[in-house]
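> 3D, please:
(one chain, ligands or ions: 2)
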Amino acid sequence: MSGPIILAVSAQHPDPAVLERAARVVAEGGLVAFPTETVYGLGANALDPRAIARIFSAKGRPGFNPIIAHVGSIAEAQGLVRTWPAHAERLADAFWPGPLTLVLPKRDHVPDALTAGAPAVAVRLPSHPVALGLIRAAGVPIAAPSANRSSAVSPTTAQHVARSLGSRVDLILDGGPTGVGIESTVVDLTGSAPRVLRPGPIGQAEVEALTGPLDRRAAPRPGEGLLLSPGLLDRHYAPRGTVRLFASTERPALAEELAQADAGGRIIGGMLLGEDLPGRHMLRMPDDPAGYARALYAALHQLDDLGCDLILVEQVPDEILWAGVRDRLVRAATAATP
Ligand code: TXA
Ligand code: MG
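Ligands and ions are numbered 1, 2, ... in the order given. Just a heads-up that it's a prediction; the model follows:
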């Protein structure tokens, strides 16, 4: 089986001819994976229900999970939504282009396939030059979930995309590793107060500073109402092996478990913040939230590729700045529901 076409492209100064070629694939209803500042996206024409259907099937994504429309300008976002409240204006001014997604009531021409039937659409203006260049060359908003099979680990390199999706994707633009590393913060602006549906690179406090108090109810769970977020599925961002979170006080017991595992031929990986543990596949993680986020998915991919049966992940600090990373770790550690 032949793999996908992968084209190298400069992250800062993408070749217009390469972007044009990718834009043609989008125009023809195809799928193009491309880097954003957060993770790689699996892109298609957001106004073409058949192209959107191809995204769902390439990812094996449940049909009830809506997809973000990526736009090339604030005006293009405004063209997709029915209202542009003061909170949207402030947040877009402060954080766009960048890793923030806003959920707003959709206009009629926005396909139900994109929003999974919901009356609201998620819009994001990314800052990555390749993402922006592709959207602008395509001349249409680009629907793009993370470019991985559903519930698997998100991709931060073109190689991650190729391994996860193979020839289910028509073309991959390889702009090197992404900088932020975890997906955008998703803020729902359809209620009376803004509500963070998915924590991410832009913190709650940063949002709140511009909008006033947030609606702090826990984000809705699958099956509760229409505003469903794929990031809210319990198991998500998960490698094949089991992920187990541990507290640093568990070190002595873990050291013992590791010694036995080695003898028994089990492969155990680790992602550590504190002292080392005796094991061949122990990765040291950055001890700041932004550095950790950047390294997180590459570490999970690496340990997954080594065939780890178990991945021990040291708990990150229980602080608001770590909310995005902690959310991804907890979901990676959630056992698959049958
Ligand atoms: O950083 C990102 O957001 C990446 C890159 C590629 O832009 N994309 C991404 O897409 O993470 P995905 O599909 O893996 O996650 C989409 C998130 C969901 O968790 C959900 O919160 C939100 O977008 N979403 C999309 N459409 C929505 C809608 N109509 N209502 C509520 N949430 C929506
Ligand atoms: Mg995803």
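
> does the residue lying closest to residue 210 once chain neighbours are set aside count as helix, strand or coil?
Of all residues not flanking residue 210 in the chain, residue 90 sits nearest, at 4.6 Å (C-beta to C-beta, 6 or more residues apart in numbering). C-beta coordinates here come from the backbone N, C-alpha and C atoms, glycine included. At residue 90 the chain is in helix, as set by DSSP: H, G, I helix; E, B strand; the rest coil.

> most distant residue from the middle of this protein?
Distance from the C-alpha centroid of the chain, by C-alpha atoms, centre = their mean, peaks at residue 263 (37.1 Å).

> That one and ligand 1, how far apart?
40 Å (C-beta to the nearest ligand atom, to the nearest Å).

> Equivalent analysis for residue 288, please.
Computed with C-beta to the nearest ligand atom, the distance linking residue 288 and ligand 1 is 20 Å.

> ditto for residue 173
For residue 173, the distance to ligand 1 equals 13 Å [C-beta to the nearest ligand atom].

> and if you look at residue 239?
Going from residue 239 to ligand 1 by C-beta to the nearest ligand atom gives 16 Å.

> Which residues are in contact with the closest residue to that residue other than its chain neighbours?
With C-beta to C-beta, 6+ apart as the criterion, residue 239 has its nearest non-adjacent residue at 3.7 Å, and that residue is residue 304. Counting by C-beta atoms under 8 Å, 6 or more residues apart in numbering, residue 304 touches 153, 239-241, 311.

> Let's see that with 7 Å instead.
For residue 304, the contacting residues are 153, 239-241, by C-beta atoms under 7 Å, 6 or more residues apart in numbering.

> Likewise for residue 300?
Contact analysis of residue 300 by C-beta under 7 Å, 6+ apart lists 153, 239, 332.

> got it, and residue 41?
Neighbours of residue 41 in contact, by C-beta under 7 Å, 6+ apart: 33-34, 70, 144-147.

> and if you look at residue 12?
By C-beta under 7 Å, 6+ apart, the contact list for residue 12 reads residue 129.

> ok, now with 10 Å
Applying C-beta atoms under 10 Å, 6 or more residues apart in numbering to residue 12 gives the contacts 128-130, 175-176.

> Nice, that's everything, thank you.
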